[in-house]
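Student: Curious how this folds, go ahead:
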Amino acid sequence: MHLDMEKRGSSTLKQQPCQDASALQQQDVGSWLGPQHGVPQHAEPGNRHEFKGDPGDTQFLSQQVREDGAASEEVVQCGMEAALNFDTVPDLTLDSPNFGLFEMNTDDCRLWGLRVVVPKKLRDQLISELHEHHWGIVKMKPLARSLFWWPAVDECIEQEVSECTICQKQRSMPCTAPVHKWKWAASPWERIHLDFAEDHKQMFLVVMDAYARWPEIIPMHTTTSLKTIEALRNLFAAYGFPKEVVTDNGPQFVSQEFEYFLKKNGVQHIKSPAYHPASNGLAERLVQNLKKSLAKNRAIGGMSLEHCVANFLLGYRNTPHTTTGKTPAELFLKRQVRTRLSLIRPQFSQRMQNKTEPPLPRVRVFTVGQPVLVKNYRGGEKWLNGVIREILGPVTYSVEVNGKCVKKHVNQMLGVNGNPAQWTQTDSCTGNFWNDDVIYSFL
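Tutor: Modelled structure (predicted):
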């Protein structure tokens, strides 16, 4: 409003000394500042159907302007922002010659620029007409600003929309609140999140540990409360009772049997708000990852459902999590699980064992094809003739006796004269022989 005043003749305004502080304190500051400057002004309540005239009728509007001369005074004073910001105040009273720079008389209608100044008696009725189609605040304000004006017209529009029952019932969802993070669990299996997942008519009970991000997936034929309790009982037998269990409001989780089972075992049950899956986000995210993995494995083909679930669990548990930076197995089991990929690492344990073990004992060694004497435990002769056919281990051999191969220990055999056994050192852990000429290695 006061931008129009500045453009149309603020340079020609007659300046007068600013009133003293006591005079300003006695006046209503709201009458000096417009609504856009932070001083709310509320329209006086009135009967919206008190006047039967059309607010869009120029003659009717002129009559109301003449009957309500105070409206013009209010119009003039509301834009006096300079009273608080400048040393002098423009003289814009009705009797001032400067007032003609900002208003025109057309059929006795007061115009502020191109907008009609509406008297107090017609404001409620005009606001109701403006809100006939139940537009929102954003649409009503520019429409009103293009047609009419009075002090605090924006506040009147906001009040009209806020008090409209129809508009309030059709409001959109509020802005999303900032994500409230769960309290970080201090140890594994302290708080677990549960949910059910369905993929191609197969139900799964998914469990996620909040500390280590350790997943558990249990196929379910039925999802009743009793079957859910049975599945959890097996988990609790393996890992112990958690302190807290977080679920949604599914019928299995809100039943009396489920509540009694948790309460009896000292487990606190936390239920997320209905229709707000983000509150149980750990379980919901696990459900999404499981479904994506099953869809990809199904596209590859050649694997059963149990095989797909096992592969998913093995990969998920041994992949570093984005939140913790460590694998779930490392946090939950306190060790790294051995996988095919982990075989690429060199085995330092065997090297250190070879360095720290005492000197290895000397044992007898036989070669393939060497004739030997084998202890007979079936009666008759004490020793039987045999031939070494295969070396099975550090001290075990496959010996052919009477046309049949039997497994014998080195303590059960003797070398034949002319073909004695050789002496060498052996590592009983690895099965490696150290001889003068050759090393035999067995896996």
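Student: give me the low-pLDDT residue ranges for the stretch 251-400 of the chain?
Tutor: 350, 353-354, 356-362 (pLDDT under 70).
Student: just the strands in it please.
Tutor: 268-271, 362-365, 371-375, 383-391, 396-401 (DSSP state E, counting those that start in this stretch).
Student: Between these, which one is closest to residue 150.
Tutor: strand 268-271 (52.2 Å; Cβ to Cβ). From N, CA and C alone the C-beta is placed, and that goes for glycine too.
Student: thinking again about what came up before, any chance of TSV for the strands of the stretch 251-400 of the chain, columns mean neighbour count and distance to residue 281?
Tutor: As requested, those are exported to TSV (neighbours: other Cβ atoms under 10 Å; distance: least, Cβ to Cβ, whole Å):
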stretch	mean neighbour count	distance to residue 281
strand 268-271	14	13
strand 362-365	16	62
strand 371-375	18	69
strand 383-391	16	59
strand 396-401	19	57
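Student: Figure out which of those is closest to residue 195.
Tutor: strand 268-271 (12.0 Å).
Student: in the sheet, who's paired with the residue nearest to residue 117 when sequence neighbours are not counted?
Tutor: Leaving aside its chain neighbours, residue 117 sits nearest to residue 110 (3.9 Å; criterion: Cβ to Cβ, 6 or more residues apart in numbering). Counting by DSSP bridges, residue 110 is bridged to residue 105.
Student: so how far is residue 126 from residue 110?
Tutor: Applying Cβ to Cβ, to the nearest Å, the value for residue 110 to residue 126 is 14 Å.
Student: if we can go back for a sec, could I get the strands of the stretch 251-400 of the chain in CSV, plus columns for distance to residue 311?
Tutor: Output for those, formatted as CSV (distance: least, Cβ to Cβ, whole Å):
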stretch, distance to residue 311
strand 268-271, 31
strand 362-365, 44
strand 371-375, 48
strand 383-391, 37
strand 396-401, 37
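Student: which one of those lies closest to residue 335?
Tutor: When those are compared by Cβ to Cβ, strand 268-271 sits nearest residue 335, at 29.5 Å.
Student: And for the closest one, what's in contact with it?
Tutor: 243-249, 253-254, 258-259, 262-263 (Cβ atoms under 8 Å, 6 or more residues apart in numbering).
Student: 10 Å instead, please
Tutor: 182, 191, 193-194, 242-250, 253-254, 258-259, 261-263, 279-280 (Cβ atoms under 10 Å, 6 or more residues apart in numbering).
Student: for residue 203, helix, strand, or coil?
Tutor: strand (DSSP: H, G, I helix; E, B strand; the rest coil).
Student: can you pull up the bridge partners for it?
Tutor: Applying DSSP bridges to residue 203 gives these bridge partners: residue 198, residue 220.
Student: mind listing what it touches?
Tutor: 196, 197, 218, 219, 220, 221, 222, 223, 227.
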